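> Test case, fold it:
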Amino acid sequence: MPIYHSTHSPATPQAAPRDSAAALRDSSLRDSTLLHWKPRYPQGLPPRQASHVPAGKQLSQLPVMEVPAGRTPGSYNSSPLHDTVSMALLLLGVLLITLSYNKGYMYIANFAHNMFSTRKRENLFDDHTVSDLGILSALIFNTCVTMGLIAFYAIGYLVPGMQAALSHNVSMLVIMLVAWSLLFYLAQLALYYVLGFTFGDKLGTTIWTSGFKASQSLLGLLLLPVAIILMVYPNTIKVMLITALSLYICARIVFICKGFRIFFNNLQSSVYFILYLCAVEIVPPVLYCAGAITLCNFLQS
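Numbers count the residues shown, from 1 in each chain. Below is the predicted model of the structure:
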């Protein structure tokens with residue numbers, strides 16, 4: 001069988017055909033790129049453009065911004081909103097009410113009865129249970145916390161000289177104001193028991209003091225949103241303080257009217273009632289405010 005030999009050798013890479021137009025385009029592109037990156041000022045800046053550079057300084061040594069933009073930062077003032085202890089007390093009061101509501105909701109449902117009723121007949125539904133004591137304790141604790149927080153903001157607003165000092169020790173001041181509010185409540189309750197047993201009987205005293213407990217419990221629930229708004233929006237302090245004072249006055253009026261209906265029997269009782277208003281309903285709130293301011297001054301000294 002004959003063997004045929006090819007007379008053509010395979011093409012090598014060097015012998016591969018090359019497009020002359022593409023090669024020309026690549027060379028022109030390379031030349032233009034080299035011309036583009038040619039230094040514009042190989043000998044340095046011209047005298048006119050370098051005139052603004054101070055003598056003896058390089059461009060890298062010049063400040064980026066000679067006059068800083070913005071304003072001088074002010075001092076940080078702490079508040080109960082940013083204080084862990086204050087927020088813990090507020091949330092603890094809400095938590096206690098929530099946990100005790102399941103068993104003591106009837107006490108809240110009977111707010112109107114406890115605040116306005118003066119019936120002196122024994123009733124099966126008038127007996128207080130352990131559940132009522134639990135929800136009552138939670139409500140009174142909430143009232144003391146809200147009063148302490150509102151008192152903190154009120155002192156800073158009404159006594160401007162103490163505003164800066166109050167922000168230095170928020171936790172201790174709030175705790176002491178809450179404790180002062182609790183002491184104020186217990187002192188009033190003890191005073192009402194003494195007056196009730198002195199000028200009335202046991203049943204009348206029980207009805208009267210139940211109205212005080214209910215009015216203070218409801219007052220705490222109404223003051224809770226006021227305290228929260230004060231913490232979140234301190235600029236509304238004037239409106240919120242007026243609202244808090246109005247709610248306190250309304251609660252006291254309801255309680256005073258109930259006491260008047262229980263103990264007013266004749267003309268001589270009116271004299272005792274006037275003395276009661278001056279000694280029990282006017283002086284104690286004044287002493288509470290003065291004591292709160294004195295307590296804050298003592299803690300700051």
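> And the next helix or strand past the helix or strand Ala179 falls within?
Element membership of Ala179, judged by DSSP states H and E, is helix 170-199. Sequence-wise, the next helix or strand downstream of helix 170-199 (DSSP H and E) is helix 202-232.
> what angle separates that next one from helix 170-199?
Angle, helix 202-232 to helix 170-199, by axes from the mean of the first three to the mean of the last three C-alpha atoms, to 10 degrees: 160 degrees.
> List the buried residues for helix 202-232?
By neighbour count on 16 or more other C-beta atoms under 10 Å, the buried set for helix 202-232 is 204-220, 222-224, 226-228, 230-231. In short, each C-beta sits where N, CA and C put it, glycine included.
> same deal with stretch 181-194?
Applying 16+ other C-beta under 10 Å to stretch 181-194 flags Ser181, Leu182, Phe184, Tyr185, Gln188, Tyr192 as buried.
> Thr118: which of the residues you listed is nearest?
Thr118 lies nearest to Tyr192 out of the buried residues of stretch 181-194, by C-beta to C-beta, at 14.9 Å.
> And the helices in the chain, which stretches?
Taking DSSP state H, the helices of the chain run over residues 20-36, 84-109, 111-116, 130-158, 163-166, 170-199, 202-232, 237-263, 267-276, 283-300.
> Just list what the longest one packs against, helices and strands only.
Meaning helix 202-232. helix 84-109, helix 111-116, helix 130-158, helix 170-199, helix 237-263 (3 or more C-beta pairs under 8 Å, 6 or more residues apart in numbering; DSSP states H and E).
> Repeat the analysis, applying 7 Å as the threshold.
Counting contacts by 3 or more C-beta pairs under 7 Å, 6 or more residues apart in numbering; DSSP states H and E, helix 202-232 is packed against helix 111-116, helix 130-158, helix 170-199, helix 237-263.
> could you dump these to a markdown table with distance to Ser79 and mean pLDDT?
Converted to a markdown table, those look like this (distance: least, C-beta to C-beta, whole Å; pLDDT from 0 to 100):
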| stretch | distance to Ser79 | mean pLDDT |
| --- | --- | --- |
| helix 111-116 | 32 | 86 |
| helix 130-158 | 9 | 91 |
| helix 170-199 | 7 | 92 |
| helix 237-263 | 11 | 91 |
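> These: which one's closest to Thr98?
Once the helices and strands packed on helix 202-232 are compared by C-beta to C-beta, helix 130-158 is nearest, at 8.6 Å.
> quick one, that closest one and helix 237-263 angle?
130 degrees.
> since we're on the residue lying closest to Arg261 once chain neighbours are set aside, how many residues are nearby?
In space, and not counting its chain neighbours, Arg261 is closest to Thr118: 4.8 Å by C-beta to C-beta, 6 or more residues apart in numbering. The number of residues packed near Thr118 is 15, by other C-beta atoms under 10 Å.
> where does Thr118 land on pLDDT?
The model reports Thr118 with a pLDDT of 77.
> ok, now Ser86?
Reading off the model, Ser86 has pLDDT 94.
> Next, the contact list for it, please.
Pro80, Leu149, Val170, Ser171, Val174 (C-beta atoms under 7 Å, 6 or more residues apart in numbering).
> Most widely separated two among the residues you listed?
Leu149 and Ser171, at 12.3 Å, using C-beta to C-beta across the contacts of Ser86.
> okay, these two: which has more neighbours?
Leu149 (26 against 15).
> Give me the mean pLDDT for stretch 210-229.
On average, stretch 210-229 scores 94.
> ok, the residue nearest to Arg261 to Leu241 distance?
33 Å (C-beta to C-beta, to the nearest Å).
> likewise Ile262?
32 Å.
> State the number of residues packed around Asn235.
8.
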